[in-house]
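In: build me a model:
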Amino acid sequence: MRPILFLFVCFFVLTPSLANFLENQADYAAVVSAIDSAIQTDPSLKHSAYNRAAYLVDSYGTRLWGSDSLELAIQDLHSQMVEAGFENPRLEPVQNITHWVRGSEKLLLLSPRPMPSEIPMIGLGLSVGGDVTSEVLVVKTFAELEQKKDQVYGKIVVFNEDWVNYSYTVQYRGAGASRVAKYGGVACIIRSVASKSIESPHTGGLTYDPNYPKIPAAAISIEDAHMLQRMSDRGQKIVLSLHMEARLEERRNSSNVVGEIKGYKYPHEVILMGGHIDTWDVGPQTGANDDTAGFMVCFEAVRLLLNLGLRPKRTIRFIAWSGEEMGQPERGAAQYVSTHIKEIEDHIITFESDEGTTKIYGFGFSGGSNGLKFIKNIAEKYLVAINASQIIENDGEMMDTAPLLALGVPAVRNEIVDNDTRDFYFSYHHSAGDTVDVLDADDMDSNVKAIASLFYIIADMDERFPRD
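Out: Okay, here's the model as predicted:
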């Protein structure tokens, strides 16, 4: 019987033999075939990433950094890791973290409506609270704000900024409040940083400039920003009343969730993969796509390798980072680096999934030219069979892997079906619409098998993945 056919027939009942066969032959095409077949036909593996993500979201709801629901979900994920047979499962401390609480919030349109009308809104993360009722100035850009700076004092400024892409448009969420405060504005409201919405505000963090007063900041839907723009263009007087109870409370502690398949030859050399377990706090399910699905496809990639008895030469380490959404200096990714700083030279590569899990077609890579050639070679030889062979240069960095990349560790991300500005993902991102219904079980499985295949090969090859 030909070896690859033997794998398809026998891997469910001969897992140890499979591992020995693959170790002796170093037949990575056969590894990929076995992984592909297993996830398609084994009911304990098929759609498991989707099912685990749905369970966590349904059971714990939103998981804002510092919340009790986040810590309960962290404990549950650790228990799942133990049950799945991860080696060295543990909770690594993430200490003294920011604890921001939203409180109640409300936005009323008082003029030009004859009767007050409530407008759906969502406070921005780390905003201060306040009660502000004032006339509104609507602008589209920072440049327009500068042109109209003499009109800002005492007003609520609404930014009706256009969606270009996330990395460009997010500047209004991050810096808008301080730009408004610079000229005496009393509150800042932005059009949601989103590609589209159905009357759904999208939240996200802001950063205050210490040179200016902290003023309340919130987001409204794309549609309502357009409405206020039309009112302004007609010359109608707009008056809004904003109520926000947002505040910082006493700092808390959290944990990163970590577990491994220990390498049998170079156990000190680490391939790190994961996503972040914290979410925003709007709607009953927010965080299904961002980033429950992201870390679950990594969790399932490790569990799949464990189930097949595929132990590589190097250690594959799963992590669910705590605290990505707030973007604070003490977030889990930064504390992971501090905890493992003496081991960073032996971190071979790092991977994060955090912009969706639609059908995968390849991987983004950030690192040296030799590393790029190395990963392209693997993809061209072995990942073609599972339609995940495209490698996109200079597109591997993400929020949680950035601290490692800055220290020289090559970074990788999943490249998935969406348009260039990832409009599907950002339609739901940070909104109450980021629910389990956004996820697709088959698409998530495509991510699981591609992630498991690529990183098993990197972890098992005799040659160490190059940094430059």
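
In: give me the neighbour count for the nearest residue to His47 once chain neighbours are set aside.
Out: In space, and not counting its chain neighbours, His47 is closest to Ala441: 4.1 Å by CB to CB, 6 or more residues apart in numbering. C-beta here means a position set from N, CA and C on the backbone, and glycine is covered the same way. When neighbours are defined as other CB atoms under 10 Å, Ala441 has 15 of them.

In: swap in Ala406?
Out: By other CB under 10 Å, the residues close to Ala406 number 11.

In: distance between the longest helix seen in the chain and the chain's centre?
Out: The residue-count maximum for a helix in the chain (DSSP state H) belongs to helix 441-460. Centroid displacement of helix 441-460 relative to its chain, using CA atoms, centre = their mean, to the nearest Å, is 18 Å.

In: over to stretch 199-213?
Out: Here stretch 199-213 shows a centroid-to-chain-centroid distance of 19 Å under the convention CA atoms, centre = their mean.

In: can you tell me the element the residue nearest to the spatial centre of the chain falls in?
Out: In the chain, the C-alpha closest to the average C-alpha coordinate belongs to Asp354, at a distance of 3.1 Å (CA atoms, centre = their mean). Secondary structure assignment for Asp354, by DSSP states H and E: no helix or strand.

In: do Ser232 as well
Out: Using DSSP H and E, Ser232 sits in helix 222-234.

In: list the buried ones in that helix?
Out: Judged by neighbour count (16 or more other CB atoms under 10 Å), helix 222-234 contains these buried residues: 222, 224-225, 227-229, 231-232.

In: and the residues you listed, which is closest to Asn51?
Out: Set against Asn51, the nearest of these by CB to CB is Ile222 (32.9 Å).

In: wait, the closest one touches Val193, no?
Out: No - using CB atoms under 8 Å, Ile222 makes no contact with Val193, being 9.8 Å away.

In: what do these two both touch?
Out: Taking CB atoms under 8 Å, 6 or more residues apart in numbering as the criterion, Ile222 and Val193 both touch Trp163.

In: and stretch 429-446, what's buried?
Out: 429-436, 438-439, 443-446.

In: now, which of those residues lie within helices?
Out: Those of those lying in helices (DSSP H): 443-446.

In: in CSV, list those along with pLDDT and distance to Val257.
Out: Shown next, in CSV, are these (pLDDT from 0 to 100; distance: CB to CB, whole Å):
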residue, pLDDT, distance to Val257
Asp443, 98, 24
Met444, 98, 19
Asp445, 98, 22
Ser446, 98, 24
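
In: which of those lies closest to Ile391?
Out: Ser446 (16.5 Å).

In: buried stuff in stretch 189-196?
Out: In stretch 189-196, counting by 16+ other CB under 10 Å, buried: 189-195.

In: closest to Phe159 out of those?
Out: Among these, and counting by CB to CB, the member closest to Phe159 is Ile190, at 4.6 Å.

In: from Asp346, how far off is that closest one?
Out: 43 Å (CB to CB, to the nearest Å).

In: next one: Tyr382
Out: Distance of Tyr382 to Asp346, computed by CB to CB: 24 Å.

In: flag the shaky bits of this structure, pLDDT-wise.
Out: Along the chain, the parts satisfying pLDDT under 70 run over 1-26.

In: show me what contacts the closest residue to Lys196 other than its chain neighbours?
Out: Distances taken as CB to CB, 6+ apart put Ser427 closest to Lys196, at 5.0 Å, once the chain neighbours are dropped. Contact partners of Ser427, counting by CB under 8 Å, 6+ apart, are 194-197, 433.

In: what's the neighbour count on the spatially closest residue to Ala452 that is not a sequence neighbour?
Out: Distances taken as CB to CB, 6+ apart put Ala301 closest to Ala452, at 3.9 Å, once the chain neighbours are dropped. Using other CB under 10 Å, Ala301 has 28 neighbouring residues.

In: phi, psi for Ala301 please.
Out: Dihedral pair for Ala301: phi -60, psi -40, per degrees, to the nearest 10.

In: distance of it from Asp58?
Out: Distance from Ala301 to Asp58, counting by CB to CB: 22 Å.

In: next: Tyr166.
Out: Noted for Tyr166: a distance of 27 Å to Asp58, by CB to CB.

In: ok, the residue nearest to the centre of the chain touching Gly396?
Out: No - with contact defined as CB under 8 Å, Asp354 does not reach Gly396; the gap is 11.9 Å.

In: what's the overlap in contacts for these two?
Out: Arg413.

In: how about the helices in this structure?
Out: 3-10, 15-25, 28-41, 48-60, 68-84, 142-147, 166-182, 222-234, 293-307, 332-339, 369-378, 402-406, 423-428, 441-460.

In: for Tyr212, which of the ones you listed is the nearest?
Out: Distance to Tyr212, taken as CB to CB, is lowest for helix 166-182 among the helices of the chain, at 4.1 Å.

In: need the contact list for Asp209.
Out: When contacts are counted by CB under 8 Å, 6+ apart, Asp209 touches 175, 178, 181-182.

In: re the thing from before, in the longest helix of the chain, what counts as buried?
Out: 443-460.

In: again with stretch 241-257
Out: 241-244, 246, 252, 254-257.
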